[in-house]
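1. I would like the atomic coordinates for the input below:
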Amino acid sequence: MADLAKVRNIGISAHIDSGKTTLSERILFYTGKIHAIHEVRGKDGVGAKMDSMDLEREKGITIQSAATYCEWGDFNINLIDTPGHVDFTVEVERALRVLDGAVLVLCSVAGVQSQSITVDRQMRRYSVPRLAFINKCDRSGANPDRVMAQLREKLQHNPAFVSYPIGLEDKLEGVIDLVDMKAVYFDGEGGSEMRHEEIPADMMDKAKELRHHLIEVAADFDDSLMEKFLMDEQPTREELMSAIRKGALCMGMTPVFCGSAYKNKGVQVLLDGVTSYLPAPFDIKNEALDQNNNEAKVELASDYSKPLVMLAFKLEDGRYGQLTYMRIYQGSIKKGDFINNVANGKKIKVPRLVRMHASEMHDIEEAGAGDIVAMFGVDCASGDTFTDGNVIYSMTSMFVPEPVIELAVAPKDKAGQVNFSKALNRFTKEDPTFRVSRDEESGETIIKGMGELHLDIYIERIKREYNTEVVVGRPKVAFREAISQKAEFNYTHKKQTGGSGQFGRVGGFIEPLPLDAVETYEFVDDIVGGVIPKEYIGPCNKGFQEAMTEGTLIGQKIVGVRVTLNDGATHAVDSSEQAFKTAALMAFREAYAKAKPIVLEPIMKLEVSVPEEFQGAVIGQINQRRGVILGTESDAGYVTVESEVPLSEMFGYSTDLRSATQGKGEFSMEFSKYSQIPKNIQDEMARDHATKRAEGR
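-> Residues are numbered from 1 along each chain as shown. Take a look at the predicted model:
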């Protein structure tokens, strides 16, 4: 087993096109894991090692997070390269859920972009300490100092340079290591030989200024360093590194590295930073819920001798069946051991244990706390916890965003039906944000996802991997219904048939939750004096929830409601669970009609970057699409426009943007919030829904 102090589990995350996969490729090259460098859109047709899907290589984007492991010095690094495109955000979520540290990659020209903000928010959600790597310092317009300011202003980080480029754009020669105060140059094949020299004289003042700032930021996390800083004494290398590590681990500071992965400069210095400043598995506090003790929180120990606890965080359908990626938090596991799935109580024998190297598998005999491994023959869902049976612990699952777009799909011919169903079953298991349902009225199969690209990729995969042509309907937006005011209910459900009847009365009120509330439904039990017996409260809650699955306005799911139950009545003979469930369902519908229902639509955060001469055209397009401009920022002849636009208005936008900007415009879009739709559009939608229902009858 590896020494845990020398293990690092890290992820590489960033906005699309910041160079994450290129950086991962260089890390594998310098750690001896691969012996030749292939580019993301390589001319050699091989493609990057970490982009193992054909689609990823064609489109030059990462779709699935790829896992690998490598060694740097005497450190073992488990590495996950995550997608940058917002449509695949769940891949980033599940990677960050199980990782101990992360590298936030930023482009030195574009800086902090919309997806950088999303990734940073995800890192905060799971309290993942991170380093920043300002990549592409060789590109025209590179400006690491500006990116540093954006880290501070846009992301509220407390950043400090640990390495700084020597020269920029086509004059990039190497980097300055501000801890050792040496210039580092990268010679030999692929920049694999590091050469340490004195810092160039013309950069000495800048280097001293940056080192002073680094010590100032790090001193906040170490009293002895603070004393030296105040006395104007120079700290030792060990003192400075220890303070930077403390600051990074508590997320109080962000060590910043610079370079160019593509030009093979600065990556090894970043690797040294990963091993020096990011946490070992035991530096991170991980908790589970004890199912035998009322879900009490239990802190897990990165200890091989403790009972096994591990989390299945990603599923893939491989050549040999389902491949399940596991993060081991506590204990150890050997091939042939028996493990228990806490979610369903099933006992499974571990047939094969592997370490993943992108799409390759390396068999291993055993693994322990802190490891990321994969195994076959384990039937489970993403987010299931496994133990050795000595404890019944459950790890909290990750945050899964709700889908915002849907499409009706069907196989082109009847012969493809079996493969079509197989594909949909597999994809829903693999990806929690990909949902499949059946429209009862039309009988169509509906797929839902995070955006057009998300669903396009899955349709393309059905064609390629399952050899099935698919007929696709028009994209539809996932609207929601909500209420805009409080409304009371007092409903009695009475049914008398031969023998015992049904009776249940429920009283209370419904009221809207704030639009930004995390939960979309809240149930408050205010029953006093047992007017509704305890055993009927649960069925009432179920009845209310069932009523929210479909609103009466446009037939969509109802969200953002708090239901308070404060009165009721029972009958000694006729009351039952079913009677109260029905009473609650009918009571909700009665109150809903009085609570002035409204329609909500998904609003997307849109970021468009175009040459300045097209600014007017872009803003005009956004206004036409009911967009609200949040701000504009100009830099180096380019303007970035940030806005919020309804998703329903965004179909076909990429074509319009290209034609309005001679193909020079770029945009990224992500879900921001649900917001009320204008009254005239709501009335039209309600009329359409009423007509459809009447025709359906």
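
2. Could you point out which residue ranges in the stretch 401-550 of the chain have low pLDDT?
-> For the stretch 401-550 of the chain, applying pLDDT under 70 flags the ranges 440-442, 497-500, 516-518.

3. Let me see the ranges of the helices in it.
-> 417-430, 452-466, 537-547 (DSSP state H, counting those that start in this stretch).

4. any chance of the ones you listed in TSV, plus distance to residue 363 and mean neighbour count?
-> Just so you know, the C-beta spots here come from the backbone N, C-alpha and C atoms, and that holds for glycine as well. Shown next, in TSV, are the helices of the stretch 401-550 of the chain (distance: least, CB to CB, whole Å; neighbours: other CB atoms under 10 Å):
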stretch	distance to residue 363	mean neighbour count
helix 417-430	23	16
helix 452-466	25	19
helix 537-547	46	20
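
5. would you list those in a markdown table and tack on distance to residue 195?
-> Converted to a markdown table, the helices of the stretch 401-550 of the chain look like this (distance: least, CB to CB, whole Å):
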| stretch | distance to residue 195 |
| --- | --- |
| helix 417-430 | 45 |
| helix 452-466 | 43 |
| helix 537-547 | 66 |
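
6. So which of those helices is nearest residue 151?
-> With CB to CB, the closest approach to residue 151 among those belongs to helix 452-466: 27.5 Å.

7. now that closest one, how far from the centre of its chain.
-> 20 Å (CA atoms, centre = their mean, to the nearest Å).

8. what packs against that helix?
-> If contacts are counted by 3 or more CB pairs under 8 Å, 6 or more residues apart in numbering; DSSP states H and E, helix 452-466 sits against helix 54-59, strand 405-411, helix 417-430, strand 445-449, strand 470-472.

9. Quick one: closest of those to residue 631.
-> The nearest among those, by CB to CB, is strand 405-411 at 25.9 Å.

10. relative to strand 445-449, how tilted is the closest one?
-> Per axes from the mean of the first three to the mean of the last three CA atoms, to 10 degrees, the angle that strand 405-411 makes with strand 445-449 is 140 degrees.

11. SS state for residue 103?
-> Here residue 103 is strand, with the state taken from DSSP: H, G, I helix; E, B strand; the rest coil.

12. Correction: the previous question concerned residue 634.
-> strand.

13. Residue 607 versus that one, what's the distance?
-> Distance, residue 634 to residue 607, using CB to CB, to the nearest Å: 14 Å.

14. ok, these two, which is more surrounded?
-> residue 607 (20 against 10; other CB atoms under 10 Å).

15. Could you say which helix or strand holds the more buried one?
-> strand 597-611 (DSSP states H and E).

16. Check which residues of that strand are buried.
-> Going by neighbour count (16 or more other CB atoms under 10 Å), the buried part of strand 597-611 is 597-610.

17. From the chain's centroid, how far away is that strand?
-> Per CA atoms, centre = their mean, the centroid offset for strand 597-611 relative to its chain is 19 Å.

18. who does that strand pair up with?
-> strand 480-483 (antiparallel), strand 638-646 (antiparallel), strand 666-676 (antiparallel) (DSSP bridges).

19. starting at the chain centroid, how far to the following helix or strand past it?
-> Downstream of strand 597-611, the next assigned helix or strand under DSSP H and E is helix 615-624. The chain centre lies 30 Å from the centre of helix 615-624; the measure is CA atoms, centre = their mean.

20. Could you do stretch 588-601 as well?
-> With CA atoms, centre = their mean, you get 32 Å for stretch 588-601.

21. Now tabulate the helices and strands packed on helix 452-466 in TSV and tack on distance to residue 173.
-> Shown next, in TSV, are those (distance: least, CB to CB, whole Å):
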stretch	distance to residue 173
helix 54-59	32
strand 405-411	47
helix 417-430	44
strand 445-449	45
strand 470-472	51
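
22. Which one of those lies nearest to residue 262?
-> Here helix 54-59 is closest among the helices and strands packed on helix 452-466 (CB to CB), at 17.0 Å.

23. and the very next helix or strand once past the closest one, what does it pack onto?
-> Using DSSP H and E, the helix or strand that follows helix 54-59 in sequence is strand 66-72. Packing contacts for strand 66-72, counted by 3+ CB pairs under 8 Å, 6+ apart, involve helix 20-30, strand 75-81, helix 267-277, strand 353-357, strand 372-376.
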